[in-house]
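Student: Can you look at this prediction? I've put the sequence above it.
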Amino acid sequence: MKLIEVPVDKEVNIKGYIINGRNENPGWKRKLISMGIIPGASVKVLRKDDRNTLLKIYNSRISICNCLADKVEVE
Amino acid sequence: MKNIEVAFVGNPNVGKSTIINNIAKTSLKVGNWPGVTVRKIEASLVYKNYEFHIIDLPGTYSLDYISEDVAVTTDFLVNHPPDVIINIIEATNLERSLILTAELIELRLPMVIVLNMWDEALKLGIDIDTKKMSELIGVDVISSIGTKEDLKEKLLESIIKTYEKNITPKPLRYSEITEQAIQDILSSCAVPVDKKIPPRFFAIKALERIFPCDCCTNIISRLEKDLKENIYDILKKDIYGVAHFISSNVVKRNFKNEIELTEVLDKFALHPVFGLLIFVGVMYLMFKLSFDVSYPISNWIGNFESAFLHPLVYKLLPKAPYIVKSFITGAVLDGVGFVISFAPLVGALFLGLSTLEMSGYLPRVPIIFDRFVSKFGIDGRGILPFMLGFGCNVPAIMALKILEDKRSKLIVAAMIPFTSCPARFVVFAFFGAIFFKNPAPIILFLYLLGIFFSIITAVVMNKLLPKAEGLPMILELPPYRKPPLKIVLNIAYVELKGFLKRAGTFIFASTVVVWAFLNIPPNTNIKDTVAGRIGSALVYIFKPIGIEDWRATTSLVPAFLAREIIISSMGTIYSASTKEDYTNFDIKKSFKEQVASFEEAIKNTALSFVSPGFSNVFTQESNSSSVTKEIRKSLSPYGALSFMVFVLLYTSCIATVSILKSEFGTRFAVLFLLYSFVLGWIVAFVIYRLSMVLHVF
Ligand SMILES: Nc1nc2c(ncn2[C@@H]2O[C@H](COP(=O)(O)OP(=O)(O)O)[C@@H](O)[C@H]2O)c(=O)[nH]1
Ligand SMILES: [Mg+2]
């Protein structure tokens, strides 16, 4: 499932990123990883609107653009 | 005396500025990183036999080159290794923070770890074993409450110990695959000699493909072919492994899960409708407070300078040649007085901004606006520099560093010069009081007009610039916190000091230049001076928009330096054609009047706290002096409105133009200047004609 599809207030685990082609480290992936949005981490979606998804991960709140939430795989 | 250079590194919003303010107090300095306009905050302080040189590096999550501010931190640590790194960590968010720590460890520099927000961690039930953490990592680990306890001794003692004993972190070991890859790079590729960093750090960053290295790329490609996995992913997994290992070993109790105040507040603050209303309310309050509180005092300072100090000079130096008296009053006193009369407003604005920043509200603003501004090709973060433009266009353009792509930077840079900064407000208030019975709606109209043309410009830029793909918005939202008064005051004070120093020298120098323009050749009628000749020529250009008096156009010449100068130069130009008379000046009587009007100003400031609307500061402008009468005669109200519109839109501020030039190149700056001139003229023309036809006044 993609992060963007997770209902509000539900906790899920990050599985990985959806990237076309192998061996890519685009800027957004580097940024997500450095902010702790990493495989294995458990996240909770706090709120969502048509542009951004706000999630809680570790003890921080991070707002990510829906265009990126679409590229994060969760289980 | 030994010198120790200390660099503060950490994620954004972990309390770096708070701690530096805590230990360094007012010895802080604000500057710019050479070549990049990212704020550089430094402090020097002496303790025992050491002189500490402290540097606040821009907050970052990794040592990378994703954006300009992150690159500053990475470059600084790589090219200019400090004596000691202070890694500030949010105790409430240990595991995540340790990802950066793991990268810092590889720099092999002496390091101290500070676990800040200790009070919040305790509240959440998080208990960290600092002793064990210190044993694991091999460096001092200090708990801290940056906003409450006095950290000076605790922190500086630890820095001294770390420096003297050269205490560096224990080396990290990653998985076999990663270690092998690092070895391969170290044994077959040459580390560039100009780098002052450990070869292992270079190898790791080469694996991340951050440092370019052809030889490494070959090794990486071969490895990835064998492993069928991205080496970057393997390395990062190892790093989280380290972070997780340390964190799980030292955190004794884990958090209570409670619904926090922040989550409740965010339901409103980030709501598409309420969020916007709250934003408008907050901004209104901030600008109202800064304008209302500072205006009476600014106004008094200006008056004190022109109505008391000017005649005083003439009285005290009766025999001095006119040119000397004119230089002292027109260049020195006007210049200094000008800068000082600006201080209350700028100080109040910085106070408001740092309160908003410290409270955690500011980082949320981009989310509220993302939906609107994305229509112009910029993401929500662009709204922050734009908003700053209402404080001053120059730092606003400098703040564009927070945007990650050049395209958005260009668009917002072209929007900012149309926002009404206090300099424009000063001109509007001055003209408003002279020409109109009720100036407030006119001033509001001008503010909105500026915003309107910002948006038009953004739309045009968005159409013109080639489309490009930037890094979409990812933001961390800190919890709401009570802003610590002492530290907010200190930050505002330091910022104000920095502003006065930069703007002060600049405005002062420019008043001297303006004075010279108005006095060359000496002892002639103002109409025959350099400024007067340019101004007279300009009448041909400005006639169609209702500005026909050579004195009004002449005042636009010096105003290219900074808009506010219009007022002081109008004073000079109009009074030179009327001649001020100081013979009746009585020092004692006039001083008493000044004291009385100062009391009045303080009273008005106090009153402004309780009055709901913008207080009626405009009518306090002295309306009867001979100069204002002359000005009123020289323009019709329609011409005055057109003048204000032109001043609003034309980038009449050399500081803004020069910052545009240094950030985006000469071509952009010149094109923009032309654009704003033409736009200002056309809009003024339309409004002048339209308002006359409609008989609005
Ligand atoms: N409760 C608490 N708040 C703190 C502490 N240290 C800093 N803060 C607050 O955290 C916020 C961010 O601090 P700041 O110094 O701007 O962080 P920076 O971005 O790292 O420079 C401010 O509101 C501070 O008042 C602390 O030890 N405890
Ligand atoms: Mg800071």
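Tutor: The structure has been received and is ready for your questions. What you see is a predicted model; the values in this text were computed from it and never measured. Numbering: from 1, shown residues only, chains lettered A, B, ... in the order given. Ligands and ions are numbered 1, 2, ... in the order given.

Student: which residue is nearest the centroid of chain B?
Tutor: Centroid-nearest residue in chain B, with CA atoms, centre = their mean: B:P395, separated by 3.9 Å.

Student: Surely that one and B:K401 touch.
Tutor: No: assessed by CB atoms under 8 Å, B:P395 is found out of contact with B:K401, at 11.0 Å. Glycine gets a C-beta too; all of them are placed from N, C-alpha and C.

Student: Assumed B:I86 was part of a helix.
Tutor: No: according to DSSP: H, G, I helix; E, B strand; the rest coil, the state of B:I86 is strand, so it is not within a helix.

Student: can you pull the contacts of B:P478?
Tutor: Residues in contact with B:P478 (CB atoms under 8 Å, 6 or more residues apart in numbering or on different chains) are A:60-61, B:12-13, B:360, B:363.

Student: Roughly how far does the residue in the stretch 501-650 of chain B that chain A sits nearest to sit from B:Y447?
Tutor: Proximity of the stretch 501-650 of chain B to chain A (CB to the nearest CB) peaks at B:L649, 31.3 Å away. From B:L649 across to B:Y447, the span is 12 Å (CB to CB, to the nearest Å).

Student: Which residue of those two possesses the greater neighbour count?
Tutor: Taking other CB atoms under 10 Å in any protein chain shown, B:L649 and B:Y447 do not tie; B:L649 has more neighbours (25 against 17).

Student: which non-adjacent residue is nearest the more buried one?
Tutor: Leaving aside its sequence neighbours, B:L649 sits nearest to B:G680 (CB to CB, 6 or more residues apart in numbering or on different chains; 3.6 Å).

Student: any idea which element the residue in chain B sticking out farthest from the centre lies in?
Tutor: The centre of chain B is farthest from one residue, B:D226, which by CA atoms, centre = their mean lies 50.0 Å away. For B:D226, the element it lies in under DSSP states H and E is helix B:214-227.

Student: Could you report the separation of B:I687 from ligand 1?
Tutor: Distance of B:I687 to ligand 1, computed by CB to the nearest ligand atom, to the nearest Å: 43 Å.

Student: Same check on B:A343?
Tutor: Counting by CB to the nearest ligand atom - B:A343 and ligand 1 are separated by 24 Å.

Student: Using CSV, write out every CA atom in the one helix or strand B:S555 maps to.
Tutor: B:S555 is located in helix B:550-556, with elements delineated by DSSP H and E. Extracted C-alpha coordinates of helix B:550-556, given in CSV (Å, rounded to 0.1, in the frame of the first residue of the first chain):
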residue,chain,number,x,y,z
TRP,B,550,10.6,69.8,-10.4
ARG,B,551,11.0,69.6,-6.6
ALA,B,552,8.9,66.4,-6.4
THR,B,553,10.8,64.7,-9.3
THR,B,554,14.1,65.9,-7.8
SER,B,555,13.2,64.1,-4.5
LEU,B,556,12.9,60.9,-6.5
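
Student: Can you mark which positions in the next helix or strand after that helix are buried?
Tutor: The helix or strand immediately downstream of helix B:550-556 is helix B:565-578, counting by DSSP H and E. The neighbour-count check on helix B:565-578 (16 or more other CB atoms under 10 Å in any protein chain shown) flags B:565-576 as buried.

Student: ok, these vs B:F609, which is closest?
Tutor: Ranked by distance to B:F609 (CB to CB), the buried residues of helix B:565-578 are led by B:I567 at 27.0 Å.

Student: Might one say that that closest one is in contact with B:V426?
Tutor: Yes: using CB under 8 Å, B:I567 is in contact with B:V426, at 6.6 Å.

Student: low-scoring pLDDT stretches of chain A, where are they?
Tutor: Applying pLDDT under 70 to chain A flags the ranges A:21-23.

Student: So which residues of it form strands?
Tutor: Here chain A has its strands, by DSSP state E, at A:11-17, A:42-48, A:52-57, A:60-65, A:72-74.

Student: Show me the shaky parts of the stretch 401-550 of chain B.
Tutor: Across the stretch 401-550 of chain B, the ranges flagged by pLDDT under 70 are B:502-503, B:506-507.

Student: Check which helices and strands the longest helix anywhere in chain B is in contact with.
Tutor: Assignment by DSSP state H gives helix B:485-519 as the longest helix of chain B. Where contact means 3 or more CB pairs under 8 Å, 6 or more residues apart in numbering or on different chains; DSSP states H and E, helix B:485-519 is packed against helix B:16-24, strand B:28-32, helix B:322-326, helix B:334-359, helix B:530-542, helix B:565-578, helix B:654-664.

Student: got the angle for the fifth one vs helix B:485-519?
Tutor: Which is helix B:530-542. 90 degrees (axes from the mean of the first three to the mean of the last three CA atoms, to 10 degrees).

Student: residues making contact with the helix or strand where B:A429 lies?
Tutor: Assigned by DSSP H and E, B:A429 belongs to helix B:422-435. The contact list for helix B:422-435 (CB under 8 Å, 6+ apart) reads B:291, B:295, B:342, B:345-346, B:349, B:391-392, B:420, B:439-440, B:442-443, B:446, B:450, B:562-564, B:566-567, B:617-619, B:621, B:623, B:628, B:631-632, B:635, B:637, B:640-641, B:643-644, B:647-648, B:653.

Student: Got a PyMOL select line for the buried ones in those?
Tutor: In PyMOL syntax, the buried subset of these is picked out as below (16+ other CB under 10 Å):
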select buried, chain B and resi 291+295+342+345+346+349+391+392+420+439+442+443+446+450+562+563+564+566+567+617+618+621+628+631+635+637+640+641+643+644+647+648+653
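
Student: Save the helices and strands packed on helix B:485-519 as TSV, and put in distance to chain A too.
Tutor: Supplementary listing: the helices and strands packed on helix B:485-519 in TSV, determined by distance: least, CB to the nearest CB, whole Å:
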stretch	distance to chain A
helix B:16-24	16
strand B:28-32	25
helix B:322-326	58
helix B:334-359	15
helix B:530-542	45
helix B:565-578	42
helix B:654-664	22
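
Student: Between the ones you listed, which one is closest to B:S454.
Tutor: Closest of the helices and strands packed on helix B:485-519 to B:S454 is helix B:654-664, at 13.6 Å (criterion: CB to CB).

Student: Which residue is the nearest non-sequential neighbour of residue 48?
Tutor: By default, I'm working from chain A. A:V8 (6.0 Å).

Student: other chain: chain B
Tutor: Nearest non-adjacent residue to B:K48 (CB to CB, 6+ apart): B:I160, at 7.0 Å.

Student: contacting residues around that neighbour?
Tutor: B:4, B:48, B:50.

Student: With B:L345 instead?
Tutor: B:L345 is in contact with B:290-291, B:294-295, B:298, B:422, counting by CB under 8 Å, 6+ apart.

Student: Tell me the confidence at it?
Tutor: Per-residue confidence (pLDDT) for B:L345: 76.

Student: Skipping adjacent residues, who's closest to it in space?
Tutor: With CB to CB, 6+ apart as the criterion, B:L345 has its nearest non-adjacent residue at 4.2 Å, and that residue is B:S294.

Student: Now do the buried residues in the strand or helix carrying the one you found.
Tutor: Assigned by DSSP H and E, B:S294 belongs to helix B:274-303. Of all the residues in helix B:274-303, those buried under the rule 16+ other CB under 10 Å are B:275, B:278-279, B:282, B:286-303.

Student: show me the contacts for the nearest residue to B:S175 once chain neighbours are set aside.
Tutor: Computed as CB to CB, 6+ apart, the closest residue to B:S175 that is not its neighbour in sequence is B:D238, at 5.2 Å. Neighbouring residues of B:D238 by CB under 8 Å, 6+ apart: B:174-175, B:178.
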